[in-house]
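Asks: A structural model of the following input is requested.
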Amino acid sequence: METTASPNSETTVQMLNQAAAGDAAGWKALVARFHDRLRRMIAVRLDPRLQGRFDPSDVLQETYLDALGRLPEYLREPKLPFFLWIRYLTGHHLGRIHRDHLGRQMRDAGREVSLYQEAMPEASSAALAAQLLGKESRPSERAVRAERRLRLQEALNQMDPIDREVLALRHFEHLTRAESAQVLKLSEAAAAKRYLRALERLRELLALLPGGLEEFR
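Replies: The predicted structure follows:
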């Protein structure tokens, strides 16, 4: 079932073919390679109002079942690397959860970024702020950290949604430059420029907040 122009590595192609042949262990091993990256994607996009009701594993369990059923379709014409394909499916299921459980309470349509085949929930400013600030500090520093996080969220909320998305892709989801470019439908050079522009815009906004950039060094 291997194609002549597969966008996947030889190892991934081999594992895909094993899974398509009915090898359950092969499928489990394949999705395990990307599990942590997909969890990070969900964590930064799951609406805060749903975080106590859904775990990323809930979304991924449904996604993996869907992906396995669609695997023959993917293998017939794999236009994307497998990771990006299953990432899109994950975003689809996450968006459905938002619609089913929030309904009219969902934030405006601008909260979904139309960079994809289907709209995907936007990266949360709160989760981005936590990621950009790094690991949890000592208990004695939690109040200071909380204040910094709120200021960083304020700056992120003022950014263009696409710029926030670029930061999410690179800083939180840990996508490579090539992967980010494919998601954004840009050349690698253009995606890199957009990333640098987003970082500069964030620095400009932070400089306008009380305490300026020194608060985040």
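Asks: strands of the protein, residue ranges please.
Replies: With DSSP state E as the criterion, the chain has strands at 112-113, 120-121.
Asks: of these, which shows the lowest average pLDDT?
Replies: Comparing mean pLDDT over the strands of the chain, the weakest stretch is strand 112-113, at a mean of 42.
Asks: residue 41: what's it in contact with?
Replies: 87, 90-91, 172-173 (Cβ atoms under 8 Å, 6 or more residues apart in numbering). In short, each C-beta sits where N, CA and C put it, glycine included.
Asks: again, only this time at 10 Å
Replies: For residue 41, the contacting residues are 34, 56, 59-60, 87, 90-91, 94, 120-121, 123, 168-169, 172-175, by Cβ atoms under 10 Å, 6 or more residues apart in numbering.
Asks: from residue 77, how far out is the spatially closest residue to residue 29 that is not a sequence neighbour?
Replies: Using Cβ to Cβ, 6 or more residues apart in numbering and skipping residues adjacent in sequence, the residue nearest residue 29 is residue 15, 6.4 Å away. Using Cβ to Cβ, to the nearest Å, one obtains 18 Å as the distance from residue 15 to residue 77.
Asks: higher neighbour count, these two?
Replies: A count of neighbours by other Cβ atoms under 10 Å puts residue 15 above the other of residue 15 and residue 77, at 20 against 9.
Asks: right, and that one touches residue 23 too?
Replies: Yes: contact status for residue 15 versus residue 23: in contact at 8.7 Å, counting by Cβ atoms under 10 Å.
Asks: joint contacts of the two?
Replies: 29-30.
Asks: which non-adjacent residue is nearest residue 81?
Replies: With sequence-adjacent residues excluded and distances taken as Cβ to Cβ, 6+ apart, residue 81 is closest to residue 7, at 4.7 Å.
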